[in-house]
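In: Next comes the sequence, and after it the predicted model I'd like to discuss.
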2 protein chains.
Amino acid sequence: MTKKALRREPLYEQIKTVLIRRIGDGEWLVNDCLPSEWDLAAELGVSQGTVRKALTALVSDGLLYRRQGLGTFVSETPGDWGEGAMLTPGLFNERPDPLVQELIGVSRSHASDEMADALQVRRSAPLVRVRQLWRLGGVVVALDDAYLPAESFEGLDARWIRQAGGGVHAALQQRFGVRARCVGEQVRAVVPPREESLLLGLDPEEPALAVLRLSAGMDGAPVEWRQRYCRSRFWSWTRREKW
Amino acid sequence: MTKKALRREPLYEQIKTVLIRRIGDGEWLVNDCLPSEWDLAAELGVSQGTVRKALTALVSDGLLYRRQGLGTFVSETPGDWGEGAMLTPGLFNERPDPLVQELIGVSRSHASDEMADALQVRRSAPLVRVRQLWRLGGVVVALDDAYLPAESFEGLDARWIRQAGGGVHAALQQRFGVRARCVGEQVRAVVPPREESLLLGLDPEEPALAVLRLSAGMDGAPVEWRQRYCRSRFWSWTRREKW
DNA sequence: TAGTGGTCTAGACCACAGG
DNA sequence: CTGTGGTCTAGACCACTAG
C-alpha cells in the first residue's frame, strides 16, 4: 500500500464522463437539447454550478454547444477535415471557405509499422482504406487516405459513406455509434509519391504539406489513421487565435 | 440612439484587463507571486470566485501559472520558439526536447507588402531583422528571421539580445516592457531559397516547412513578424492533445 | 411570460506547501 | 499551524429566446 491516498476525481470530471457516455450511447442525438443545468443537477445529485463546469468543458471540447435562452445541444459530428483541428485553409485575414470532399474509393490495405503502432493493432493487420479528394472553389487542395481497422469496422464501404453524407466520421457515428475526435497530429513537408502528386495536380518535385492524424473514439480507443497531402502552392494553412 | 443597450462587459473580463495591465506595468515581475485570490478580491471589490475565473483565463493564456498551496505567479516570457504554439518538434510519442537557439546576426531591412500589412506599418518601412538558428541535439533543425518595426524598437541589437539570454522576446520584455504573444500562424511547404537551404544543411530542392508568425503585445499591437524554415527530414512537427 | 444559459456572490471544506 | 489554490454548494439577478 502506498502512503499517499489516491486523490478522488473531482465531481465535475465524473459528470463529464457520465455525460460523454450517455451521449455516446445515443441518449441524446446530434442537435438534441440536453436537460437544463438545473434538471441535470437534480438528476445527478450535484449543484448547478458543478454541472455548468462539466458542460463548459464539453463545450470547449467541441462535443456540445450552448445557445443562451435555448439550452445546451449535442454538436454535429465533426466533418472529415477536422473542424477544430490544426490546419484549416485560408490566408491570414480570410473568412473560412467551404471545403468539398469527393470520395474516390474504398479498398483493402495492411497496417504499416507506424499505423499498427498508432492504431494499436498487430503489424500487417487488415485495414480499410478510404481515399478522398478535397476541393475548395473547384480546385483540388488536398488528398487523403483514412485507414481503419477492418476487424472493427466490417462492412464499411463506399455506399455507407455516401449514405452518411460522404464523410467517414459521419458513417462511423451512424453505423457504429463511434464519435471520432482527433487526438494527435503531425505535419511534414514532403514531395508526394507520383500517383498522389498527379491526383493533386502538382508539378513533379513540387512539395506539399503532409498531415498525419490519429483519431480516437470518446473512450480513447484509436479508430482512424489518416494521411493527407495538402497543396501548398496557392493555399496556406493557418491557425488563428482570438485576436 | 439604438434600442438595444450595450451589454456591459463581464466583471471577470474587466479583472483580466486590469491584471494584464498591471503585469505589463511591471507591478509583478516574472515569477513574482500575485496577491492571494482573497486579497485581490478585497482590493478589487469583487468576490473570490470572480477573481478565480479571471486568473484561470490568464493561466490558460499562459500569462500566469498556479501552484497549489503556494500561490499564483507570473510566467516566464515565452521563448522565441513559441512554447504554446502550433509546432513543436518531436514524434508522436516523444518527450519534449531541449531546443537551443544561436544568434547569427542583426541587420536592417524593409517591410514587404505582406509584412507591412501584418505589422501595420507603411510599405518599405524600416525593419530590424534578427536571424537565428535552432539546434536540437546539435543538429540544425530550423532557421528563422524575426522582423520588428525599427522605429518602435530603436537600439535593439545583438548585444541587447545576448544580454537578455539570447531571445528576441526576452529582450523586448527587458528593454521595452513588451510581452509578445503569438496571434497568428501560417504553415507552408516550400523549397527554401539557396542561402537559407545551405544554412539549414538541406539538399538542393529538398522541401522544408515554412512557418510565418505574427506576434503582438498584450495590448494587441503587432510587434514581430517571423519567418521560419524548419527541416522536415529527420524531425516532424506535432500537436498533442491531452490523450 | 416562462425557461434557459451567463454571471456573480458568500461561504464551506479539502489538499497541499511551508515554517 | 497557517495560508494557498481546488472544489463544491446554494442562491441571486441578468439577458436572451420562444410562444
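Out: Thanks, I have the structure now.
In: Leaving out chain neighbours, which residue sits closest to A:Pro35?
Out: Closest residue in space to A:Pro35, ignoring its immediate chain neighbours: A:Glu43 at 7.0 Å, by C-beta to C-beta, 6 or more residues apart in numbering or on different chains. The C-beta positions use only the backbone N, C-alpha and C, and glycine is treated the same way.
In: would that neighbour count as being in a helix?
Out: Yes. Assessed by DSSP: H, G, I helix; E, B strand; the rest coil, A:Glu43 belongs to a helix.
In: State the distance from it to A:Arg67.
Out: 21 Å (C-beta to C-beta, to the nearest Å).
In: next one: A:Gln101
Out: 28 Å.
In: Settle it for me: which of those two has more neighbours?
Out: A:Gln101 (18 against 9; other C-beta atoms under 10 Å in any protein chain shown).
In: Test my guess that the more buried one contacts A:Arg131.
Out: No. Using C-beta atoms under 8 Å, A:Gln101 is not in contact with A:Arg131, being 10.8 Å away.
In: Who does the residue nearest the centre of chain A form a beta bridge with?
Out: In chain A, the residue lying closest to the centroid (C-alpha atoms, centre = their mean) is A:Arg181, at 3.5 Å. Counting by DSSP bridges, A:Arg181 is bridged to A:Ala216.
In: burial measure for A:Val30, as a count.
Out: When neighbours are counted by other C-beta under 10 Å, A:Val30 comes out with 14.
In: Could you double-check that it sits in contact with A:Ser75?
Out: Yes. A:Val30 lies in contact with A:Ser75 (C-beta under 8 Å); the separation is 7.2 Å.
In: And the pLDDT for A:Ile104?
Out: For A:Ile104, the pLDDT comes out at 94.
In: so what strands line up beside the helix or strand hosting it?
Out: Using DSSP states H and E, the element containing A:Ile104 is strand A:99-110. Here strand A:99-110 has these sheet partners by DSSP bridges: strand A:126-136 (antiparallel).
In: can you state the direction angle for the next helix or strand along the chain from the strand it pairs with and strand A:126-136?
Out: Downstream of strand A:126-136, the next assigned helix or strand under DSSP H and E is strand A:139-149. Orientation check (axes from the mean of the first three to the mean of the last three C-alpha atoms, to 10 degrees): strand A:139-149 against strand A:126-136 gives 160 degrees.
In: Mind checking the pLDDT average for strand A:139-149?
Out: pLDDT averaged over strand A:139-149 gives 92.
In: quick one: average confidence on the helix or strand following it?
Out: Heading C-terminal from strand A:139-149, the first helix or strand you meet, by DSSP H and E, is helix A:158-163. For helix A:158-163, mean pLDDT rounds to 92.
In: Tell me which helix or strand comes right after helix A:158-163.
Out: helix A:168-176.
In: neighbours of A:Ala180, just the number please.
Out: A:Ala180: 26 neighbours (other C-beta under 10 Å).
In: pLDDT at it, what is it?
Out: On the pLDDT scale, A:Ala180 gets 85.
In: Repeat that for A:Ala125.
Out: pLDDT, A:Ala125: 96.
In: now the one 5 residues further on
Out: Looking at A:Val130, its pLDDT stands at 96.
In: Distance of the residue of chain A found nearest chain B relative to B:Leu202?
Out: Nearest residue of chain A to chain B, counting by C-beta to the nearest C-beta: A:Pro207, 3.2 Å away. Using C-beta to C-beta, one obtains 11 Å as the distance from A:Pro207 to B:Leu202.
In: Please identify which of these two sits among more neighbours.
Out: Set A:Pro207 next to B:Leu202 and count neighbours by other C-beta under 10 Å: A:Pro207 wins out with 27 against 21.
In: Lovely, talk soon.
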